Structure formats: structure tokens, C-alpha cells
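Peer 1: need coordinates for the following:
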Amino acid sequence: MEPKKSKRRKSRQPDSQAAGDASSRDATKVAVVVPVFTRGKDIIGNGRDPHARLEEAVGLAAAIELHVASAGVVTLGTIRPATYIGSGKVEEIAGIVRAEDAGVVFVDCALSPVQQRNLEKAWGAKVVDRTGLILEIFGARARTKEGTLQVELAHLNYQRSRLVRSWTHLERQRGGFGFLGGPGETQIEADRRQIDERIIRIERELDSVKRTRALHRQNRKRVPYPVVALVGYTNAGKSTLFNRLTAANVRAEDLLFATLDPTLRGIELPGGTKAILSDTVGFLSELPTLLVAAFRATLEEVIEADLILHVRDISHPDTAAQATDVLSVLQDLGIDINDHKRIIEVWNKADRLDALAHENAANHARRLPQLQRPMLISALTGEGADTLLRTIADKISTGWPVVSLNLDPADGANLSWLHRHGEVLSQELKRDDQLRVEVRMSPEKAEEFARRMKPKSSAA
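Peer 2: Sure thing, here's the model as predicted:
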């Protein structure tokens, strides 16, 4: 028995030592570690460029206002069950962490609870994996009640899986019932029970929020205005484009996840058609499943949208891989990613391309079939914005009937109404002094106009 007791005391000591080391270091300094496989398929980054992945990881750390003291790529051939990366690299990073006095280490992959615990013991610093850091960023960005609840739900589900015996206080037990006392309830069990109870309460509140959002969508359908949703990889320029098209003042920064909560604004399209533009949360490679599930109520704005603008940062070296990640999330939401009548691909940040790259991108876009042709724009400078609005109007009005009307030339009220609520294709003064107007409009607006038509004007 004695050897076992001695062994247990030795196993607890590193935990206390790790806690002490972590508390004495600078909690605002972070060391960024990006694991990349050297052979076979890069199952972490889906074949992404390692330097682009490192840049993104540094951006994630900066998004939570951490000072990046050190950042580097770690190559490995296989995953180690205990620490994810090899023991030699673990010791090397431990030296860097001590030298930089970093209180946090961000490992850009998904770590198991045991791997996270072992790395914290080895490095004497708080270890955060990709899921944990993204949850922290979302928690800092959420502003609405719905966003806060969604982030907390995802964070609790993540935290529940991390209740391992990393620290000695979790081994204490409460007294049981009856004469014998019994083992009672461990601290881990108590914490897990409290988390489960909180999860149930949040899910009930989110169900109420979901019903309210559904009512708002029903009210918009009664107007009815088509909904255009902006989707894309984080930092692709969605909020900048949103501001450009709506003249709004939504936060737009060169920062990952600068905006989180969805924003909706009305826009007027060429031809007088009105629509509602929705700016949604940015997507990310390996976006935690917990977050996708928690934000499903918000992402229903995308599911219900009449038109989806897939915004891409065409200047980014990993733009193709980012597009694949976005389309994968859309597919998980049940959206047909091959429906080119509903999805418009927007190649943003054309202003960052040099003259040759800009010309090559434009030529490549022109060679694609008309239905799949992307729009090359710059949300910052406004390049291509008018053409994009024209394309949105054309997509929305596809299938709408073209109505021919005879109006009195002096009937300015009805003519003005047609210009505001439809797309006037032509107007011609006939020999009988009647103004012949051809206009394309939604069936609902056509019915509304028929009700307000004056008796002296008649449909041809």
C-alpha cells in the first residue's frame, strides 16, 4: 500500500507546480503553436498553406487581445495520445514558454482533455486549443441576449468535457447519506450536474428566442421583401460590403470575428426593388461543432434567405480552401451549394491585387458560365458595387412576370409607384396618347398594383 500512496503524492505534485508556474507568468502573453503533418494528408489544416495557417492562428490570438510573444509551426508525423505532439517538441516549447514568460499557449488544433492537462503540466502555463480560443472570442464579441446565450451554451458543453482531475480540489468528496456515510458526491459530479442544469435553462431560453425570430421572419414575409444573406470566411470583408451596400455603420475591422451578432438593413436595388440585407457571423475552418449547433437559430437567417452572397477574400493565399470550408458549413445547414440561381460568389478585396493578378482574376471569372460567374469587387473602394447590386436585382426578379400596362401620361402617381416597386423595362407613348409601360414585378406587387389601378387605365 505504501508504494501506491507514494506514487499518488508524486503525481499530484506536478499539478501544483504547474498551477504555481502559470499564476506567476504574464497572462496576456501567448505562445502560438501550429501543428502540421509532414506526410500524408494534412488532417488538421485540410491541405492549407502552413504559413497562412500560422497567420490565421496569430490573428485568432490577437482577436482576444493577447500579445503574441512567440509563434511557430511544429511538424509531426503522427498524433501522440498523451500530448498530441512529440516529447522533444514538448520540451523545446517549454523552454520557449519559460524564456518568453508566456502565461498562455495556444495550440491550433483540437486537444483532448487529457492532452490539454498533460501539456499544461509540462509547460507550466494555461493551454488553450482551437475550440477553446474561438469560444473565448465569441464570448467577447456577443452583444445581444441571443448571442450571449448561444456562446454560453457552446462553452458549457465544451467545459463539461473538460472536467478531468487536473487539480487536487476535484478529488474531495462530500458526505453521503445514512449511517455509513458512503462516498458521497465528488466535486466533479457536482460541477457536471450544475453545468447540466444551466444547459437545460439556456436551451429553454433559446427556444423562446428562436420562436421570436421565427415571428419576425413571418412579419417580413408579409411585407414582403426578399432577404439577401452575406456569408463567408471570417475577415473576408462581409461587414465592409454590408456598410457599402446599405450605408450603415456596422463595425468593420481587419480583425477575425469583428462582428458576431446578425444585423439586418433594408437596401434599394436598381429598378426600385427593395430587399433586406443580412450580415451574419463569419465561418472558419474547423469551426467547432458546438458553435454551429448553438448558432443554428442565427444561421436560420441564411437558411431562409432568398439569395446568398458568398463573400471571398480573393487576395488571400488560401482563398480556395476558405471557400470550401464555407460551402461545407452551408451544406451542413441543408443548403444546396450547387444552386447557382440562389448563391452568388463575390470575390472581394480586389484592391489588394496587383494589376496582373487583378486582370487574371477578371479573366478567370469571365471564362466561367454565366450562371456561375463570380463578381470581382472591392467593398473598400466601391469597385464593382453597382454591378453587384444590378446582379442581385436580376437574380431576385428572375421568374417574375412582365406586365404590360396602358397609363395616362399625366398619371404620375401610378408611374412613380411602378418605378418604386418594380423594374420598369420600357415606356412608350402610343398614338392613342396612352403611355405603354412594361414592368417586371413580384406577383404580390402586381396584385397590389391591380387593386390601385385607376379605372381609366387598363392592362393590355
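Peer 1: which elements pack onto the host helix or strand of Val58?
Peer 2: Element membership of Val58 [criterion: DSSP states H and E] is helix 50-63. Secondary-structure packing of helix 50-63 (3 or more Cβ pairs under 8 Å, 6 or more residues apart in numbering; DSSP states H and E): strand 26-37, strand 67-76, strand 102-107, helix 130-141. C-beta here means a position set from N, CA and C on the backbone, and glycine is covered the same way.
Peer 1: let me know which of those is tucked in deepest.
Peer 2: strand 102-107 (a mean of 26; mean count of other Cβ atoms under 10 Å).
Peer 1: residue nearest the centroid of the protein?
Peer 2: For the chain, the residue nearest the mean C-alpha position is Gly282 (2.6 Å; Cα atoms, centre = their mean).
Peer 1: in this structure that residue contacts Lys238, no?
Peer 2: Yes. With contact defined as Cβ atoms under 8 Å, Gly282 counts as touching Lys238 (6.5 Å).
Peer 1: mind checking the pLDDT average for the strand or helix carrying Leu153?
Peer 2: Per DSSP H and E: Leu153 is located in helix 145-160. Here helix 145-160 scores 82 as its mean pLDDT.
Peer 1: need the contact partners of stretch 359-366.
Peer 2: Residues from elsewhere that reach stretch 359-366, judged by Cβ atoms under 8 Å, 6 or more residues apart in numbering: Ile314, Trp347, Ala350, Leu353, Arg373, Pro374, Met375, Leu376.
Peer 1: closest one to Ile396 out of those residues, please.
Peer 2: Comparing the contacts of stretch 359-366 against Ile396 with Cβ to Cβ places Met375 closest, at 14.8 Å.
Peer 1: any idea how far Ala94 is from that closest one?
Peer 2: 49 Å (Cβ to Cβ, to the nearest Å).
Peer 1: quick one on the thing from earlier: so for Arg211, which of the helices and strands packed on helix 50-63 sits nearest?
Peer 2: helix 130-141 (23.0 Å).
Peer 1: helices of the stretch 201-350 of the chain, start to end?
Peer 2: 238-246, 289-294, 296-303, 319-332 (DSSP state H, counting those that start in this stretch).
Peer 1: mean neighbour count and distance to Ala229 added to the ones you listed, as CSV?
Peer 2: Shown next, in CSV, are the helices of the stretch 201-350 of the chain (neighbours: other Cβ atoms under 10 Å; distance: least, Cβ to Cβ, whole Å):
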stretch, mean neighbour count, distance to Ala229
helix 238-246, 23, 10
helix 289-294, 18, 16
helix 296-303, 18, 5
helix 319-332, 18, 10
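Peer 1: lowest average confidence across those helices, which one?
Peer 2: helix 289-294 (a mean of 66).
Peer 1: give the other helices and strands that the helix or strand Glu444 falls within contacts.
Peer 2: Element membership of Glu444, judged by DSSP H and E, is helix 443-452. Helices and strands touching helix 443-452, by 3+ Cβ pairs under 8 Å, 6+ apart, are helix 412-421.
Peer 1: pull out the buried positions in the helix it packs on.
Peer 2: Asn414, Leu415, Trp417, Leu418, His421 (16 or more other Cβ atoms under 10 Å).
Peer 1: tell me the domain ranges of this structure?
Peer 2: When the chain is parsed with automatic domain parsing, its domains come out as 12-137, 142-168+183-212, 225-397, 402-459.
Peer 1: least confident of those, on average?
Peer 2: Out of the domains of the chain, domain 142-168+183-212 stands lowest, with a mean of 75 (criterion: mean pLDDT).
Peer 1: what sits against Pro443?
Peer 2: By Cβ under 8 Å, 6+ apart, the residues touching Pro443 are Trp400, Pro401.
Peer 1: that one and Arg436, how far apart?
Peer 2: For Pro443, the distance to Arg436 - Cβ to Cβ - is 21 Å.
Peer 1: would you mind listing the buried residues in the helix holding Leu153?
Peer 2: In terms of neighbour count (16+ other Cβ under 10 Å), helix 145-160 has its buried residues at 146-158.
Peer 1: let me know the closest of the residues you listed to Asp386.
Peer 2: Distance to Asp386, by Cβ to Cβ, is smallest for Gly147 among the buried residues of helix 145-160, at 32.9 Å.
Peer 1: and the gap between the closest one and Glu91?
Peer 2: Counting by Cβ to Cβ, the gap from Gly147 to Glu91 is 41 Å.
Peer 1: contacting residues for Val228?
Peer 2: So Val228 contacts Ile267, Ala275, Ile276, Leu277, Ser278, Ala305, Asp306, Leu307, Ile308, Leu309, Ile392, Ile396 (Cβ under 8 Å, 6+ apart).
Peer 1: burial count for the third one?
Peer 2: As a burial measure, the neighbour count of Ile276 was computed by other Cβ atoms under 10 Å and equals 20.
Peer 1: and it, what are its bridge partners?
Peer 2: Using DSSP bridges, the bridge partners assigned to Ile276 are Val227, Gly266.
Peer 1: and Asp336, what does it touch?
Peer 2: Per Cβ under 8 Å, 6+ apart, neighbours of Asp336: Arg342.
Peer 1: tell me how far it lies from Ser278.
Peer 2: Distance check for Asp336 against Ser278: by Cβ to Cβ, it reads 19 Å.
Peer 1: now Ala57
Peer 2: According to Cβ to Cβ, Ala57 and Ser278 sit 29 Å apart.
Peer 1: one more: Glu286?
Peer 2: From Glu286 to Ser278 the distance is 25 Å (Cβ to Cβ).
Peer 1: ok, the two, which is more surrounded?
Peer 2: Ser278 (22 against 15).
Peer 1: hang on, that one packs against Thr263?
Peer 2: Yes. Here Ser278 reaches Thr263: they are 7.3 Å apart, a contact under Cβ under 8 Å.
Peer 1: picking that back up, which residues touch the helix holding Val58?
Peer 2: Taking Cβ under 8 Å, 6+ apart as the rule, helix 50-63 contacts 30, 32, 34, 36, 45, 68, 71-73, 106, 108, 130, 133-134, 137, 235, 255-257, 285, 316-318.
Peer 1: just checking, Ile276 touches Val227?
Peer 2: Yes. Using Cβ under 8 Å, Ile276 is in contact with Val227, at 4.8 Å.
Peer 1: what's the neighbour count on the closest residue to Glu152 other than its chain neighbours?
Peer 2: In space, and not counting its chain neighbours, Glu152 is closest to Ile202: 6.0 Å by Cβ to Cβ, 6 or more residues apart in numbering. For Ile202, the neighbour count with other Cβ under 10 Å is 19.
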